[in-house]
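Undergrad: coordinates for the following, if possible.
(chains A and B)
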Amino acid sequence: EDKVVQSPLSLVVHEGDTVTLNCSYEVTNFRSLLWYKQEKKAPTFLFMLTSSGIEKKSGRLSSILDKKELFSILNITATQTGDSAVYLCAGGGSEKLVFGKGMKLTVNP
Amino acid sequence: DVKVTQSSRYLVKRTGEKVFLECVQDMDHENMFWYRQDPGLGLRLIYFSYDVKMKEKGDIPEGYSVSREKKERFSLILESASTNQTSMYLCASSFSWGAGDYGYTFGSGTRLTVV
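TA: Just a heads-up that it's a prediction; the model follows:
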């Protein structure tokens, strides 16, 4: 059975801290690992990773995939209160995405 | 701006009512999905459709049905709403050649409360 496991499931930090979100996956016909950020409403796309070892960056966010260990991390440096959200990890198969339970990040001022 | 539109942001319905949640996309996507999202349980797939009039059960189809009469529209139906169907419902769409190649585009969600 396909599964995606995120850890930790919640985290509270102070502004300026660096956080690392973990995601392990077992997905049939794996094609990609995706990260989404969800605030009050729809998840918004952050990254899609298809190759091992190639870091993707967007501002203070970065992510990398390890296809041998079936693992991905999402790093957020110099966190801000606007980073408070639920972060979703999803494994992309041929037909649909398999989601983890999400990680709730709270950044306190 | 391409989008997936869900007809209602908030709904309050009574137990036993028939409830329709509508989702429309303008990206010519073949695949459409309905999820519910609950604290501690994440996103759980209810139904998906890979073509007009086609549907596949997801992980939790009980108590739900779907309709896809046109490519751009995918409806979720709660035949007889119950309080345990109180949840956030998310619609998503993707191209047919692989959600894993392009990911999903999500709607804004409908928060349904059944009283």
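Undergrad: which stretches in chain B count as helices?
TA: Applying DSSP state H to chain B gives helices spanning B:99-102.
Undergrad: what parts of it come near chain A?
TA: Contact residues, chain B versus chain A (C-beta under 8 Å from any C-beta of the partner chain): B:4, B:9, B:31, B:33, B:35, B:40-43, B:45, B:48, B:50, B:90, B:94, B:98-101, B:103-104, B:106-109. (Each C-beta comes from the backbone N, C-alpha and C, glycine too.)
Undergrad: so which of those residues are in strands?
TA: Mapping these onto strands (DSSP state E) picks out B:4, B:31, B:33, B:35, B:42, B:43, B:45, B:48, B:90, B:94, B:106.
Undergrad: could these go into JSON lines alongside pLDDT, distance to residue A:8 and neighbour count?
TA: Shown next, in JSON lines, are those (pLDDT from 0 to 100; distance: C-beta to C-beta, whole Å; neighbours: other C-beta atoms under 10 Å in any protein chain shown):
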{"residue": "B:4", "pLDDT": "94", "distance to residue A:8": "30", "neighbour count": "24"}
{"residue": "B:31", "pLDDT": "91", "distance to residue A:8": "31", "neighbour count": "23"}
{"residue": "B:33", "pLDDT": "95", "distance to residue A:8": "27", "neighbour count": "28"}
{"residue": "B:35", "pLDDT": "96", "distance to residue A:8": "22", "neighbour count": "27"}
{"residue": "B:42", "pLDDT": "89", "distance to residue A:8": "14", "neighbour count": "20"}
{"residue": "B:43", "pLDDT": "91", "distance to residue A:8": "18", "neighbour count": "26"}
{"residue": "B:45", "pLDDT": "93", "distance to residue A:8": "24", "neighbour count": "20"}
{"residue": "B:48", "pLDDT": "94", "distance to residue A:8": "29", "neighbour count": "24"}
{"residue": "B:90", "pLDDT": "96", "distance to residue A:8": "23", "neighbour count": "25"}
{"residue": "B:94", "pLDDT": "89", "distance to residue A:8": "29", "neighbour count": "26"}
{"residue": "B:106", "pLDDT": "93", "distance to residue A:8": "24", "neighbour count": "23"}
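Undergrad: can you redo the residues you listed as a markdown table with distance to residue A:33?
TA: Below are those laid out as a markdown table (distance: C-beta to C-beta, whole Å):
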| residue | distance to residue A:33 |
| --- | --- |
| B:4 | 22 |
| B:31 | 19 |
| B:33 | 18 |
| B:35 | 18 |
| B:42 | 16 |
| B:43 | 15 |
| B:45 | 18 |
| B:48 | 20 |
| B:90 | 20 |
| B:94 | 15 |
| B:106 | 17 |
